[in-house]
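[1] A predicted structure for the sequence below; I have some questions about it.
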Amino acid sequence: MDLSFNRFDRDAELTVLPPDLAVLMVGATARQAASHTAVVQAGFVRGAPDPALFAPLDGAFNGPMARLLAHWNKNE
């Protein structure tokens, strides 16, 4: 059973739901998210990764280019 929410598709045309249907959908989504199955599935998600894993090693995403630009900027 897929308990994930529908993703927003930027290419699709926006459709406005009638208010009664919108309220019904919100209620069903809230009950589904609060279900025991959803709570257990949410527990399977791993924690956030260590932010240091995403830090660039030399302080720039492209170290050689950053050094070239810094050198070029000094020479002007």
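    All right, it came through fine.
[2] give me the three-state assignment for M65.
    Three-state assignment for M65 (DSSP: H, G, I helix; E, B strand; the rest coil): helix.
[3] what does L53 give?
    Under three-state DSSP, L53 comes out as helix.
[4] tally of neighbours for it?
    Using other CB atoms under 10 Å, L53 has 6 other residues around it. Backbone N, C-alpha and C define where each C-beta goes, glycine included.
[5] do the same with Q41
    Neighbours of Q41 (other CB under 10 Å): 14.
[6] what helix or strand is it on?
    Using DSSP states H and E, Q41 sits within helix 36-43.
[7] can you check A60 too?
    Counting by DSSP H and E, no helix or strand carries A60.
[8] burial of it, as a residue count?
    When neighbours are counted by other CB under 10 Å, A60 registers 13.
[9] need the contact list for it.
    With contact taken as CB atoms under 8 Å, 6 or more residues apart in numbering, A60 is in contact with A66.
[10] one more time with 10 Å, if that's ok
    Shown in contact with A60 (CB atoms under 10 Å, 6 or more residues apart in numbering): A66, R67, L69, A70.
[11] now the third one: how far from G63?
    From L69 across to G63, the span is 11 Å (CB to CB, to the nearest Å).
[12] mean pLDDT per helix and strand in this structure: which one sits at the bottom?
    Lowest by mean pLDDT, DSSP states H and E among the helices and strands of the chain is helix 63-75, with a mean of 80.
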